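Asker: The sequence and its predicted three-dimensional model are supplied below.
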Amino acid sequence: MRAILLSFALLLASTARAEEPKLPQGSDTCLQCHSPGGDGPTVHPDLFAKSVHAQNGVGCTDCHAGYTEEHAMGGTLPPLSDAEQKFVSRLEKAAWADGEKKVKVTSPRAYLACQNCHTEQTDAFAASVHSKWQREDAKVAGPTCASCHGSLHSVKALAFYEPKSGARQPVPEDRRAMAKRCEACHGNEEFAKEAGLNPEAAVTYHDSIHGRLVRVGNTLAPVCVSCHAAPANRGGTHAIVAKTDPNSIVNVKNRKDACARCHAGATDSFASLIAHKTPQETSGHPVPHIIHIAFSYLTTLTLLFFAFHVLVDFVYELRQRMRAKGGHGPSVDAVRSVIRFDIHQRIQHWLMLSGVILLGITGWPLRGAGTFGNAPIIGGRDAAPYSEAFMKIFGGAEGAAMWHRVGAVLIIASSIYHLFYLTFLAAQKRLPLSMLPGPKDAVDMRDNILFMLGVKKERPKFDRYMYLEKFDYWAVFWGIVMMVGTGFIFWFPAFFAAWAPSWLITSALIIHGEEATLAILFLFVVHFYNVHLKPSIFPMNWAWLNGRISVEMMKHEHPLEYDRMSDEQK
């Protein structure tokens, strides 16, 4: 038995040794000086052994041509042609951006060897906009092979990736990592200005729907190379040319073809929606800007007023509780109750609240994943990791998108149910008109605030619905039109963009986000206080569950309705 176990252990050990990556022949000599702690530039043997170069038998001298044993003793290298010398001289002066630091080429002659194995790629790169700095005098150096692929001593093989026409597909992890390398230059403001690039390219991308989806972990969302890379038969990522070039896939004449990689039926109007600009700048029309300004004022003024109302009401409630502290037990009217909402109204409310909460918790993380300016939106910290972690509750970004649509269906079902309900009441001549706002509501609002502040001695008398309830009700109508209307546009963007002008689609984008912000903040700041957190009804007004209201609360909140019901009973 021991012999069997020993044989098995030896077999596993030999298998493990056989699977260990091996260094190419002749590398040991070089690594005597270039391993960590040696005299020359450092190469990590374990990383080099796992690289695609080492695994394909590419040794040190295959790239570093002319570096023989005499190199260690100060030997000379083979002479270069004029073109090669010019190329090496440019690389020797090169230093490209990598975040806040500058990276220099440590062995420029080695780059001459890339074309020996990667002829197609180096030819495509030589004609690209990225190699322009090697062909012409430039203020700053552009990218090299290592800029995108990382250290060539540890470079990994890249899986083939080319977006299929009209079909969304996962973006490989290596391409998503490469997008960060794009940002190292294009997101560096100082470098971008020196190189004549758009310094806002990275920021506007992160604020776009594509960038937000990437930041919350959606593997189907496009990265830089998804849009900017040429087709594989024209050089792919190595053949990226300036967008002003007629051959560029993101040239204004070809941009719809880039969009069609993921969105079947993309048109020029649809393609114009995505650019490295703000939505207002992209459309080139004044309407989106006007809508953005209007919603900014609407959201700010609405929330400020109702936050003030909540504060005044809360102080009034505390004063009332202090006065009632020495009172006796609950009165008979506090125990007796009457029906306020029937089962149909409660079902409509349940559908609506389920849909709105589901829309809020699945949509807010995506809205919070962007950046404003150069700084993340939450206290100087990047909100994307928190958004991504939260979305995992729903199965990731794609799962959250599905649940977001479920929430939309719920509020649509509630709206349709309510419209049929109103039609039925109208046919029965029982449609309540007391929900319609009127001049009295403005007067009641003024007098109620003055009463809660102690300026007026008498509280205004409200009927079945007071001004707050009317605002809640009609705000839902406004919100449904805004959110459902614009939501359908984003559910089927290519369809609507085929006939709608780009400024209309851009306006819908702004409306959807701004209205969602207003609705969610109002819901949690104002509505939840009025029906759950107010001291006199905490933990909640139970009418949304059982449809009933106490007689005592009716006398206090709706005295005109109570008087009318009493008269009817008499």
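Answerer: In hand now; what should we look at?
Asker: how many other residues sit next to residue 276?
Answerer: Residue 276 has 18 neighbouring residues, counting by other C-beta atoms under 10 Å. Backbone N, C-alpha and C define where each C-beta goes, glycine included.
Asker: got it, and residue 435?
Answerer: 13.
Asker: I'd guessed it sits against residue 470; true?
Answerer: Yes. Using C-beta atoms under 8 Å, residue 435 is in contact with residue 470, at 6.1 Å.
Asker: remind me which residues of the stretch 401-550 of the chain are low pLDDT?
Answerer: Within the stretch 401-550 of the chain, not a single segment meets pLDDT under 70.
Asker: no no, the chain
Answerer: For the chain, the ranges with pLDDT under 70 are 1-20, 40, 68-76, 94-101, 280, 282-283, 325-334, 370-383, 570.
Asker: let's see it at 50
Answerer: 13-18, 372-381 (pLDDT under 50).
Asker: Just the strands from it, written as ranges.
Answerer: 95-98, 101-104, 337-339, 371-372, 375-376, 548-550 (DSSP state E).
Asker: Can you list the buried residues in the third one?
Answerer: What that stands for is strand 337-339. By 16 or more other C-beta atoms under 10 Å, the buried positions in strand 337-339 come out as residue 337.
Asker: How about the last one?
Answerer: Residues of strand 548-550 classed as buried by neighbour count (16+ other C-beta under 10 Å): 549-550.
Asker: That one packs against which elements?
Answerer: Judged by 3 or more C-beta pairs under 8 Å, 6 or more residues apart in numbering; DSSP states H and E, the packing partners of strand 548-550 are helix 332-335, strand 337-339.
Asker: what pairs with that strand, and is each one parallel or antiparallel?
Answerer: The strands beside strand 548-550 in its sheet (DSSP bridges) come out as strand 337-339 (antiparallel).
Asker: Report the contact partners of the residue positioned nearest the centre of the chain.
Answerer: Nearest to the mean C-alpha position of the chain, by C-alpha atoms, centre = their mean, lies residue 212 at 2.2 Å. Applying C-beta atoms under 8 Å, 6 or more residues apart in numbering to residue 212 gives the contacts 206, 366-367, 369-370.
Asker: can you count the residues close to residue 173?
Answerer: Neighbours of residue 173 (other C-beta under 10 Å): 10.
Asker: how near is it to residue 322?
Answerer: Residue 173 sits 62 Å away from residue 322, going by C-beta to C-beta, to the nearest Å.
Asker: what do you get for residue 301?
Answerer: Taken as C-beta to C-beta, the span from residue 301 to residue 322 is 32 Å.
Asker: ok, now residue 158?
Answerer: 71 Å.
Asker: next one: residue 244
Answerer: 72 Å.
Asker: Not counting sequence-adjacent ones, nearest residue to the residue nearest to the centre of the chain?
Answerer: Closest residue to residue 212 apart from its sequence neighbours, by C-beta to C-beta, 6 or more residues apart in numbering: residue 369 at 4.5 Å.
Asker: Residue 354 now?
Answerer: residue 410 (5.3 Å).
Asker: Repeat that for residue 391.
Answerer: residue 400 (4.5 Å).
Asker: phi, psi of the residue lying closest to residue 388 once chain neighbours are set aside?
Answerer: Take residue 388 and drop its neighbours on the chain: the residue closest to it by C-beta to C-beta, 6+ apart is residue 217, 4.3 Å away. Dihedral pair for residue 217: phi 90, psi 20, per degrees, to the nearest 10.
Asker: quick one: contacts for residue 217?
Answerer: 388, 391-392, 396-397.
Asker: Which members of these are classed as buried?
Answerer: Buried among these by 16+ other C-beta under 10 Å: 388, 391, 397.
Asker: so the last one touches residue 391, yeah?
Answerer: Yes. Counting by C-beta under 8 Å, a contact exists between residue 397 and residue 391, whose distance comes to 5.3 Å.
Asker: so what sits against both of those two?
Answerer: 216-217.
Asker: So what's the residue count around residue 128?
Answerer: That count, for residue 128 with other C-beta under 10 Å as the rule, works out to 20.
Asker: which residues touch it?
Answerer: Contacts of residue 128 by C-beta under 8 Å, 6+ apart are 235, 238-241.
Asker: For it, give its distance to residue 238.
Answerer: For residue 128, the distance to residue 238 - C-beta to C-beta - is 6 Å.
Asker: got it, and residue 340?
Answerer: From residue 340 to residue 238 the distance is 70 Å (C-beta to C-beta).
Asker: isn't residue 516 right up against residue 363?
Answerer: Yes. Assessed by C-beta under 8 Å, residue 516 is found in contact with residue 363 at 6.0 Å.
Asker: so what sits against both of these two?
Answerer: By C-beta under 8 Å, 6+ apart, no residue touches both residue 516 and residue 363.
Asker: which residues touch stretch 480-488?
Answerer: Taking C-beta under 8 Å, 6+ apart as the rule, stretch 480-488 contacts 359, 408, 411-412, 415, 496, 508-509, 511-512, 515-516, 519.
Asker: Apply 6 Å and report the result again.
Answerer: 408, 415, 508, 511-512, 515 (C-beta atoms under 6 Å, 6 or more residues apart in numbering).
Asker: Once you drop chain neighbours, what's closest to residue 84?
Answerer: residue 112 (5.9 Å).
Asker: count of neighbours near that neighbour?
Answerer: Residues near residue 112, counting by other C-beta under 10 Å: 18.
Asker: Just name the closest of the contacts of residue 128 to residue 107, please.
Answerer: residue 238 (21.0 Å; C-beta to C-beta).
Asker: which residues sit in contact with that closest one?
Answerer: Counting by C-beta under 6 Å, 6+ apart, residue 238 has contacts 121, 124-125.
Asker: Next one: it from residue 400, what distance?
Answerer: 35 Å.
Asker: Over to residue 213?
Answerer: 10 Å.
Asker: same thing with residue 107?
Answerer: 47 Å.
Asker: And for residue 548?
Answerer: 37 Å.
Asker: likewise residue 209?
Answerer: 14 Å.
Asker: Residue 118 too?
Answerer: 40 Å.
Asker: More neighbours: the two, which one.
Answerer: residue 400 (25 against 14).
Asker: who's in contact with that one?
Answerer: 362, 391, 394.
Asker: please redo it, this time with the cut-off set to 8 Å
Answerer: 216, 362, 365-366, 391, 394.
Asker: Sounds good, over and out.
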